[in-house]
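Chemist: Using only what follows, build the 3D model:
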Amino acid sequence: MPSAIDRLVEQIESTEQELSGRLGDPTLVDDRGEFADVSRRYASMEAAFALARRWRDASGRADEARELLAEGDDLDVAELLREAEAELDELAPALREAVIEPDPNDHKDVIVELRSAAGGQEAALFARDLLEIYQRYAQRRGFSVELLAVSEADAGGVKDATIGVSGDGAYSVFKHEAGVHRVQRVPETESQGRIHTSTATVAVLPEAEEVDVEIERKDLEIDVFRSSGPGGQSVNTTDSAVRITHLPSGIVVSMQDEKSQIQNRERAMRVLRARLYEQALAEQQAGLSEARRSQLGSGDRSEKVRTYNYPQNRVTDHRVGINATLKEAVLQGDLEELTGALVAEERRQLLAEQTEGNV
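Modeler: Reported below is the predicted structural model:
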């Protein structure tokens, strides 16, 4: 009876045959989206294909050595068998790791939305801190960052902000930032030195292309109005701000940061497309594990993925239980330690699910 690893190798070989056949189909190039998906999947599996071939070779050498040893002892053949079996032992975990297919959205650009939540003015100041952290982090990783929208609050805070991060793998880097972030610190206005707790929410959306989401013009209600700044004062003498309502879903996106109505409309459509794509993904994943579900929660102080503790100069990620230095690292945009641990945990969970499925 084939072992679990033998069945896994058979599955890899079957996948290679299927993908090679599809790539060899001349009609596939007529569908650019499908061709890109198949090509990307083949590229992501090439390491697994090579490991499967090595497994077949080592397994064949081991079987041949066993047959020879059944006819009589031979020290050289016994050594060949030990070498082949050692290679098989080495290949088994590598094969399991290699077949963990990446999130199909990992290569995409990303839209990050931040909102101040519980804590009033202090929450808005914390949202500003997070915005600056993510802008610095994106630059450290070599990505392009674009501030798509920002709604200012009093004292230099931010009610909400949206940034676009572009570059191969941007979504894979930022997706684990989604959730409720909590800050503990003494506000500048606090005369008695008491520590306050505030929160901000972060949503991370893979940026969708037109082939990912089809939006019909009849489903859109588009309004234009005059841009306004903090306190409601007018900052533009023309109707350049744009509000787009997607009637079937009820999603509303407003943009007013650009002086051009066309630019605001384009930005609003980018965000709308990303939100609709994320909504479709959420519906597809509704039956998956709790860890892959809703990103935001209610924004309550108790619903947290990460805590930024200023008095202790520490950032704690509660999903993986690790700490990073706040002022010297995280505030400077250095999130690599946290991101690395979260990526490793994601792969560990996927490997556990895969191993369970192959038992």
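Chemist: Show me what the helix or strand that contains Leu351 is packed up against.
Modeler: Here Leu351 sits within helix 336-358, counting by DSSP states H and E. Contacts defined by 3 or more CB pairs under 8 Å, 6 or more residues apart in numbering; DSSP states H and E place helix 336-358 against helix 4-23, helix 75-98, strand 314-317, strand 322-325. Where you see a C-beta, it was placed from the backbone N, CA and C, and this is true even at glycine.
Chemist: mind showing which ranges of the stretch 151-300 of the chain have poor pLDDT?
Modeler: 191, 210-211, 227-238, 284-300 (pLDDT under 70).
Chemist: Secondary structure element for Leu205, which one?
Modeler: strand 196-206.
Chemist: With respect to burial, which of the helices and strands packed on helix 336-358 scores highest?
Modeler: Burial of these is given as mean neighbour count (mean count of other CB atoms under 10 Å); strand 314-317 ranks first at a mean of 20.
Chemist: quick check: mean pLDDT across that strand?
Modeler: Averaging pLDDT along strand 314-317 yields 95.
Chemist: Please export the C-alpha coordinates of it as CSV.
Modeler: The C-alpha trace of strand 314-317 is given here as CSV (Å, rounded to 0.1, in the frame of the first residue of the first chain):
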residue,chain,number,x,y,z
ARG,A,314,7.5,46.8,23.3
VAL,A,315,5.2,45.6,20.6
THR,A,316,3.5,42.2,21.1
ASP,A,317,1.9,40.2,18.4
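Chemist: How far does that strand sit from its chain's centre?
Modeler: From the chain centre to the centre of strand 314-317 is a distance of 20 Å (CA atoms, centre = their mean, to the nearest Å).
Chemist: which strands and helices sit next to that strand?
Modeler: Partner elements for strand 314-317 (3+ CB pairs under 8 Å, 6+ apart): strand 306-309, strand 322-325, helix 336-358.
Chemist: ok so, going back, between the helix holding Leu351 and helix 75-98, how big is the angle?
Modeler: Put simply, helix 336-358 runs at 110 degrees to helix 75-98, going by axes from the mean of the first three to the mean of the last three CA atoms, to 10 degrees.
Chemist: What helix or strand is the nearest residue to Ala94 once chain neighbours are set aside located in?
Modeler: Among residues not flanking Ala94 along the chain, Leu51 sits closest, at 5.6 Å (CB to CB, 6 or more residues apart in numbering). In the assignment (DSSP H and E), Leu51 maps to helix 32-71.
Chemist: How far does that helix sit from its chain's centre?
Modeler: Distance, centroid of helix 32-71 to centroid of chain: 29 Å (CA atoms, centre = their mean).
Chemist: Can you give the domain ranges for the protein?
Modeler: Using automatic domain parsing, the domain parsing of the chain gives 4-101, 110-347.
Chemist: where does Asp103 land in three-state SS?
Modeler: Secondary structure state of Asp103, per DSSP: H, G, I helix; E, B strand; the rest coil, is coil.
Chemist: Relative to His176, how far out is it?
Modeler: From Asp103 over to His176 the distance is 11 Å, taken as CB to CB, to the nearest Å.
Chemist: Excluding chain neighbours, give the residue nearest to Asp168 in space.
Modeler: Spatially, and ignoring its direct neighbours in sequence, Asp168 is nearest to His107 (5.8 Å; CB to CB, 6+ apart).
Chemist: Enumerate every residue touching the one you found.
Modeler: By CB atoms under 8 Å, 6 or more residues apart in numbering, His107 lies in contact with Arg40, Asp168, Gly169, Tyr171, Ser172.
Chemist: Then Gln279?
Modeler: Gln279 neighbours (CB under 8 Å, 6+ apart): Ser249, Ile251.
Chemist: and it, how far is that from Asn105?
Modeler: Relative to Asn105, Gln279 is positioned 14 Å away (CB to CB).
Chemist: Mutual contacts of the two, please.
Modeler: In contact with both Gln279 and Asn105: no residue, using CB under 8 Å, 6+ apart.
Chemist: Any chance of a markdown table for the helices and strands packed on helix 336-358, columns distance to Ser198?
Modeler: Shown next, in a markdown table, are the helices and strands packed on helix 336-358 (distance: least, CB to CB, whole Å):
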| stretch | distance to Ser198 |
| --- | --- |
| helix 4-23 | 48 |
| helix 75-98 | 40 |
| strand 314-317 | 15 |
| strand 322-325 | 20 |
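Chemist: just the angle between the helix holding Leu51 and helix 4-23, please?
Modeler: Inter-element angle recorded for helix 32-71 and helix 4-23: 140 degrees (by the same axes, to 10 degrees).
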